[in-house]
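Peer 1: structure for the following, please:
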Amino acid sequence: MSQQEVICPRCSGGNSPQAIWCQRCGLGLREALPKQLQQATVQDERQAGRTAIMIALLVCGIVLLGALWIMSAMNRTSPAATSNPTPARQEVSQNQPTTLLTALPAEGAVPPPVEQPITLADKGDAQTASFQLASGTYISEWSVTKPGATSCVLYLSLKPVDPDNFSSHSLVSRRSSNAVIESDPASRTGSIYLYHVRPGQYYVESNTTCSEWAVTLRRP
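Peer 2: Below you'll find the model as predicted:
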């Protein structure tokens, strides 16, 4: 159907714009013509609105792409700008003490504090006073005196004071603590490594049939 035709509201027949009467049913078209023109105007306005929205979206996209390009160009040029500090920043750097810019000489370096060995001694079954340990690895060096019998057994344990600290360690290796034989000097002294010790307060607990015992905790 051509856009120039006027549709009859009674029979929907097509008529020329100059027609006064419907060629099919004879209805007067004087009132139908303004209605047809009004509908065409509404459709044209809707189409114009869609076109305006598309143009606005296109302009926004172009503006966004331009802003992104400008930002990327600024980022590419920023290292060259930061490599040459401003005179004000240079003046501040020159006014700072030179000791902050140079490392301390070797003879002026302060060595880290040395952790002193901890030696504990007692008789029979006992529990020592608490002491502080840092984290890391320690060596347990122990010794024991046989009470005169042919053999005795010694067990020493390092236990934390804090119940939330589960870092308990045996201070005497199981192989060496089974029996102390007078004719075997290696059974009366020994050492064992303690790994992954957590920092905190600890005490030593002994369970033994021997007489006097002693243990020293030191760093490797």
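Peer 1: got the CA positions of stretch 204-218 in CSV?
Peer 2: Provided in CSV are the C-alpha atoms of stretch 204-218 (Å, rounded to 0.1, in the frame of the first residue of the first chain):
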residue,chain,number,x,y,z
VAL,A,204,60.9,-28.6,81.8
GLU,A,205,59.2,-31.6,83.3
SER,A,206,61.2,-34.7,84.2
ASN,A,207,60.1,-38.3,84.6
THR,A,208,63.0,-40.4,85.7
THR,A,209,64.4,-43.2,87.9
CYS,A,210,67.8,-41.6,87.8
SER,A,211,69.4,-39.3,90.3
GLU,A,212,70.6,-35.9,89.2
TRP,A,213,70.0,-34.6,85.7
ALA,A,214,70.7,-31.4,83.8
VAL,A,215,69.8,-29.9,80.4
THR,A,216,71.0,-26.9,78.5
LEU,A,217,69.0,-25.2,75.7
ARG,A,218,71.0,-23.2,73.2
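Peer 1: quick one: buried residues of that stretch?
Peer 2: Neighbour-count burial for stretch 204-218, counted by 16 or more other CB atoms under 10 Å, picks out 204, 206, 208-211, 213, 215-217. Every C-beta, even on glycine, is put in place using the N, C-alpha and C of the backbone.
Peer 1: would you mark the buried spots in stretch 145-163?
Peer 2: For stretch 145-163, by 16+ other CB under 10 Å, it's 146, 152, 154-158, 160.
Peer 1: which strands and helices lie in contact with the helix or strand residue 206 falls within?
Peer 2: According to DSSP states H and E, residue 206 maps onto strand 200-208. The contact analysis (3 or more CB pairs under 8 Å, 6 or more residues apart in numbering; DSSP states H and E) places strand 200-208 against strand 126-127, strand 131-133, strand 154-160.
Peer 1: quick one: that strand to strand 154-160, angle?
Peer 2: Interaxial angle of strand 200-208 relative to strand 154-160 (axes from the mean of the first three to the mean of the last three CA atoms, to 10 degrees): 160 degrees.
Peer 1: give me the number of neighbouring residues for the residue lying closest to residue 138 once chain neighbours are set aside.
Peer 2: Nearest non-adjacent residue to residue 138, counting by CB to CB, 6 or more residues apart in numbering: residue 194, 4.4 Å away. If you count neighbours by other CB atoms under 10 Å, residue 194 ends up with 18.
Peer 1: report the buried residues of the helix or strand containing residue 194.
Peer 2: According to DSSP H and E, residue 194 maps onto strand 189-197. Counting neighbours by 16+ other CB under 10 Å, one finds that the buried residues in strand 189-197 are 190-192, 194, 197.
Peer 1: then stretch 48-55?
Peer 2: For stretch 48-55, a neighbour-count test (16+ other CB under 10 Å) marks nothing as buried.
Peer 1: renumber starting at 391 from here on
Peer 2: Right, with 391 as the first residue, what we last looked at is stretch 438-445.
Peer 1: circling back: show me the two of the buried residues of stretch 535-553 that sit farthest apart.
Peer 2: 536 and 550 (30.4 Å; CB to CB).
Peer 1: confidence score at residue 493?
Peer 2: On pLDDT, residue 493 comes in at 47.
Peer 1: ok, residue 458 next?
Peer 2: 91.
Peer 1: SS state for it?
Peer 2: helix (DSSP: H, G, I helix; E, B strand; the rest coil).
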